[in-house]
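K.L.:
pasted the sequence and its predicted model underneath.
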Amino acid sequence: MVKHSLWVRCSHWIAAVSVFALVYTGVVMLMAHPRLYWGQAGNDLTPALIELPISRNYHHGGWDGEARTYNIFNKNGWGRSLHFLAAWILVVPGVLYVFAGVAGGHFRRRFWREYGLWQGRTYALVVFVLTPLIVLTGLTMSPAVTAAAPVLLSAFGGQQSARTLHFFLFVALVLFVAGHVVMVIKSGFRRQMRGMTLGE
């Protein structure tokens, strides 16, 4: 069984709680406006790149009436606040995890030697590509951040483009988490949980 150091275990469980909160609140926000656009602006008066069929009033390719979302999701200020809070809770230990992993040789040892070829590449893709991109696209949706760093808008093609990319990165990371959980269960759930909680 792979033994995990204390810093790996702590960052793993902080990440797990944060990701759960991010998924839940992200879906809440998406339900408030389940349309994705490309470019800087997007609203009910502009054509959507993708219309997600996740509304109570979605019928065969379009919405019936203005009240297309569930009433509770139209009051989603709490979801936005919790989403941003959970994101920062995830970013801080995430950055420490990356620095410690690089400095201590954790990534080189685990990703390229101890894990299988595809497993190691997948973890590397998530840690070094997908996660930084989802953080950057999330920051690009914040007017306060882009006012200070307008280069983000140029990099991702606008605020609404960043939102669309953020959604697809979210889907990719959810699929990764689902696959990760399946692998944990198949390789011995109790044993793996003991290793990731007690380090035994």
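P.N.:
Happy to help now that I have it. Numbers count the residues shown, from 1 in each chain.
K.L.:
distance check, residue 143 against residue 103.
P.N.:
Distance of residue 143 to residue 103, computed by C-beta to C-beta, to the nearest Å: 35 Å. Where C-beta positions appear, they are placed from N, C-alpha and C, glycine not excepted.
K.L.:
my bad, residue 10
P.N.:
Per C-beta to C-beta, residue 10 is found 17 Å from residue 103.
K.L.:
which of the two has more neighbours?
P.N.:
A side-by-side neighbour count of residue 10 and residue 103, using other C-beta atoms under 10 Å, places residue 10 first with 14 against 9.
K.L.:
would you map the helices across the chain?
P.N.:
When assigned using DSSP state H, the helices of the chain occupy the ranges 6-32, 77-103, 106-109, 117-125, 131-140, 143-148, 151-156, 159-186, 189-197.
K.L.:
quick check: buried residues in the second one?
P.N.:
So that's helix 77-103. Within helix 77-103, the residues scored as buried using 16 or more other C-beta atoms under 10 Å are 79, 82-83, 86-87, 89-90, 93-94, 97-98, 100-101.
K.L.:
centroid residue for the protein?
P.N.:
residue 170 (4.3 Å; C-alpha atoms, centre = their mean).
K.L.:
the nearest residue to it once chain neighbours are set aside - how many residues pack around it?
P.N.:
Leaving out its chain neighbours, the residue that sits closest to residue 170 by C-beta to C-beta, 6 or more residues apart in numbering is residue 26, at 6.1 Å. Residue 26 has 20 neighbouring residues, counting by other C-beta under 10 Å.
K.L.:
tell me how far residue 26 lies from residue 9.
P.N.:
In this view, residue 26 and residue 9 are 26 Å apart by C-beta to C-beta.
K.L.:
same check on residue 141?
P.N.:
From residue 141 to residue 9 the distance is 32 Å (C-beta to C-beta).
K.L.:
just the pLDDT for the residue nearest to residue 170.
P.N.:
Note for residue 26: predicted pLDDT of 90.
K.L.:
show me what contacts residue 21?
P.N.:
Residues in contact with residue 21, defined by C-beta atoms under 8 Å, 6 or more residues apart in numbering, are 82-83, 85-86.
K.L.:
what about it, distance to residue 186?
P.N.:
Going from residue 21 to residue 186 by C-beta to C-beta gives 27 Å.
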